[in-house]
Each structure stands twice: as structure tokens, then as C-alpha cells.
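Colleague: quick one: sequence and predicted model below, then my questions.
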Amino acid sequence: MAIQEIMKLCESGSAEENMAILLAFHCAPILKGSKAANIMTVSKKEFKGIGRLLQGTNISYRFLNTKGEKAILYLYREKELKQYLETEEIREFLQEFGYHDENIQSMLNRLSERIDLYSDGTMQFPHEIGAFLGYPVMDMKGFIEHNGKDFVFSGYWKVYHDVQGAVKLFQRYDEERRQTIREVILGKSIREIAV
């Protein structure tokens, strides 16, 4: 479903229904349990609505950046995220960017600080955010090395390595998005949808 179709659906619903549809569109893989984390841009007003929608689920959330009218909202499943961040490959990758504490909240605080520095214009965007979204290390390294260019495929992220694996995963995420939006439209709550 294209974003234009989603926006049309949002014109006719209540604020809560609209937020549920946007949450389903942007974060279906985490709602369905196939991804440990997702981000979306929201206003501070929308943040409260998302909090209500996620009550009773196993999904935590926090702002990564709160400057200006819009902010980056980070949604995550703590247990799954912790397992991913504890893998040796990810730990070594993140250490290159100063993530030495293995406590998830400390790591998210560091990421938030780095995003704030980017917002202030003091540093480049912290592309290591991909580690907090479950992106493959080879693709994050490829993105950094090639400045986001020369990728071999693009979908939920820019792919520099295992194209077949990425295409399969992106198709799964697309199907989860369609299914989740359909469930919201049919009246299911985010609590009922979230695995």
C-alpha cells in the first residue's frame, strides 16, 4: 500500500485510528515480531497517542531526538534488541563509534546524544543507528565506506552485500505491512496485532 493511499485512509479516521494506521505502515515488522526495532518520525503530540496504542504490548519506545516540532521515535523489543546488540560482530562495530557500555539504555542514550550533535550541525549523521535497527553489519559498513552510494539494491536499507537475503527479508516486511494495515482497517487494536 502506497503512502498516498495511507494518507487517504487517515483523512477519514479518528486521531487514534490514524496513528494506528501510520504505526502499522512504518513499524509492521516490529509489531509482527520479525524485527527488534524500528523508527518513525512523529510530533510530540503524536508521541502520547503512540504510547496509548502500545500499552499492553512488549514494545518499548523513546524519543531519540526531540528538537523542533518533529522527533525520531524509536520503538524496540528489549529482549530481542539486547540479543542482537550482544553479538560479537555488532559489539565490535559499535565500539568504533564509542559504544563501550553494553547496557541498552546507556547505548540508546549515547545514540540519542549523537543524533542531537547531528541536529546541532556538530557532526555527521550517526549511521551506526542501523545497528539499533537490525541492519546487517556488511551493509552498514558498505553504506559508510561508499557514502550511501554504489549500493546494489535498496529497500528498507541500502544493500551492499547479500542481495538475495535482503530481497527475501524486504518481501517479508512488505507482506507484514500489508497484513498489519489490513488488520488495523478491520478494527484490530495495536495490542491485538502485536505478537
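Modeller: Sure, I can see it. Residues are numbered from 1 along each chain as shown.
Colleague: and what about residue 63, helix, strand or coil?
Modeller: strand (DSSP: H, G, I helix; E, B strand; the rest coil).
Colleague: quick check: bridge partners of the residue nearest the centre of the chain?
Modeller: Centroid-nearest residue in the chain, with CA atoms, centre = their mean: residue 38, separated by 1.6 Å. Note on residue 38: beta-bridge partners residue 75, judged by DSSP bridges.
Colleague: where's it relative to residue 54, distance?
Modeller: Remark: distance between residue 38 and residue 54 (CB to CB, to the nearest Å) = 12 Å. C-beta here means a position set from N, CA and C on the backbone, and glycine is covered the same way.
Colleague: which neighbours do the two share?
Modeller: Contact criterion CB atoms under 8 Å, 6 or more residues apart in numbering; residues shared by residue 38 and residue 54: residue 75.
Colleague: which helix in the protein has the most residues?
Modeller: helix 163-185 (DSSP state H).
Colleague: what packs against that helix?
Modeller: helix 15-31, strand 153-154, helix 190-193 (3 or more CB pairs under 8 Å, 6 or more residues apart in numbering; DSSP states H and E).
Colleague: re earlier: now do the contacts for the residue nearest to the centre of the chain.
Modeller: 26, 27, 29, 30, 74, 75, 76, 133.
Colleague: show me the shaky parts of the chain.
Modeller: 1-13, 66 (pLDDT under 70).
Colleague: buried ones in stretch 74-92?
Modeller: For stretch 74-92, burial by neighbour count (16 or more other CB atoms under 10 Å) applies to 74, 75, 76, 77, 80, 81, 84, 85, 90.
Colleague: ditto for stretch 126-146
Modeller: For stretch 126-146, using 16+ other CB under 10 Å, the buried residues are 126-137, 139-144.
Colleague: picking that back up, between the longest helix of the chain and helix 15-31, how big is the angle?
Modeller: Put simply, helix 163-185 runs at 150 degrees to helix 15-31, going by axes from the mean of the first three to the mean of the last three CA atoms, to 10 degrees.
Colleague: run through who's touching helix 163-185.
Modeller: Outside helix 163-185, the residues that touch it by CB under 8 Å, 6+ apart are 1, 6, 9, 17, 20-21, 24-25, 28-29, 31-32, 34-35, 136, 139, 152-153, 155-157, 159, 190, 192-193.
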